[in-house]
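K.L.:
Give the three-dimensional model of this entry:
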Amino acid sequence: DDAPLEHVAAFAPLSDADASPRAACLAPKTGAGGLQRAAARGSLQVAGHCGPLHVMFGSQTGKAEAFAKTIARLARRRGYSAKVIDLQYFEESLVASNDAAKAATPTVLLLATYGEGEPTDNARDFCKWLKEKVKKSKHMEPLEGLPFAVFGLGDRRYEQFNTVATLVDKQLHLLAASRLLPLGLGDDAADLSADFQEWTSALFPALERAHTHKHSLPVSPSREPINTHSLPPPLARTQTHTHTHTHPAA
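P.N.:
Residues are numbered from 1 along each chain as shown. Next up, the predicted model:
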């Protein structure tokens, strides 16, 4: 299905703390009255006061891109300066800074699996870069301090279920980046939209904790990925489609 899923914006209704774009990061400390006083003093920025956020996507048919745009839109309403980035235009400087005093920008990745468990066309170079980075890093920690979260778009009826997102999540962790929350596994064979909604509902509290503490703690690699459906074992069949056949969740 190539139709963008713009309706997913309705998944995450705003809470009272989100009534204005100023509120999300400061509400726990100031409350509504404090926010009003701060705004009156001119000490509060209307947009971007929670800091920058990168939302990257690897998409073949438009679904992952639509999810990325939804997260960015919701993030802006919560006070983040969110930027949607097509992984075709990925640059290392987006995740690795030479300035030790500059905090890394929290990064959310929406990644579809395509063909025989491969990256989408626009994510190929990023995945190659990440693989080489892991190979060369040895005992170095080139992405230390980078808060990240990964959501995969897959289909459990296929043998290579969410291969790309699972691998990227593991590789970022190996490079010492800090998981904001466990890997999300969206399943188009069940309810991909519901999976995305549940994962997103956990994402924003995790981002706000990272903003408050400035550095999030990595999630133990032994933690199970978020998988919102208790499904029977995958169907006992292998993928027979050709390399050019697109996963329906891409």
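
K.L.:
what sits against the closest residue to residue 88 other than its chain neighbours?
P.N.:
Nearest residue to residue 88, sequence neighbours excluded (C-beta to C-beta, 6 or more residues apart in numbering): residue 122, at 3.9 Å. Glycine gets a C-beta too; all of them are placed from N, C-alpha and C. Counting by C-beta atoms under 8 Å, 6 or more residues apart in numbering, residue 122 touches 57-60, 86-88.

K.L.:
mind running it again at 10 Å?
P.N.:
Neighbouring residues of residue 122 by C-beta atoms under 10 Å, 6 or more residues apart in numbering: 57-60, 64-65, 86-90, 112.

K.L.:
Just the buried positions in the helix or strand encompassing residue 173, please.
P.N.:
When elements are assigned from DSSP states H and E, residue 173 belongs to helix 163-174. Residues 163-169, 171-173 are the ones in helix 163-174 that count as buried (16 or more other C-beta atoms under 10 Å).

K.L.:
With respect to residue 188, which of the residues you listed is nearest?
P.N.:
When these are ranked by distance to residue 188 (C-beta to C-beta), residue 165 comes first, at 13.0 Å.

K.L.:
circling back: helix or strand right after the helix holding residue 173?
P.N.:
Downstream of helix 163-174 (by DSSP H and E), the next one is strand 178-179.

K.L.:
Can you give the strand pairings for that following strand, parallel or anti for each?
P.N.:
strand 147-154 (parallel) (DSSP bridges).

K.L.:
where exactly do the strands run in the protein?
P.N.:
52-58, 81-86, 107-114, 118-119, 147-154, 178-179, 184-187 (DSSP state E).
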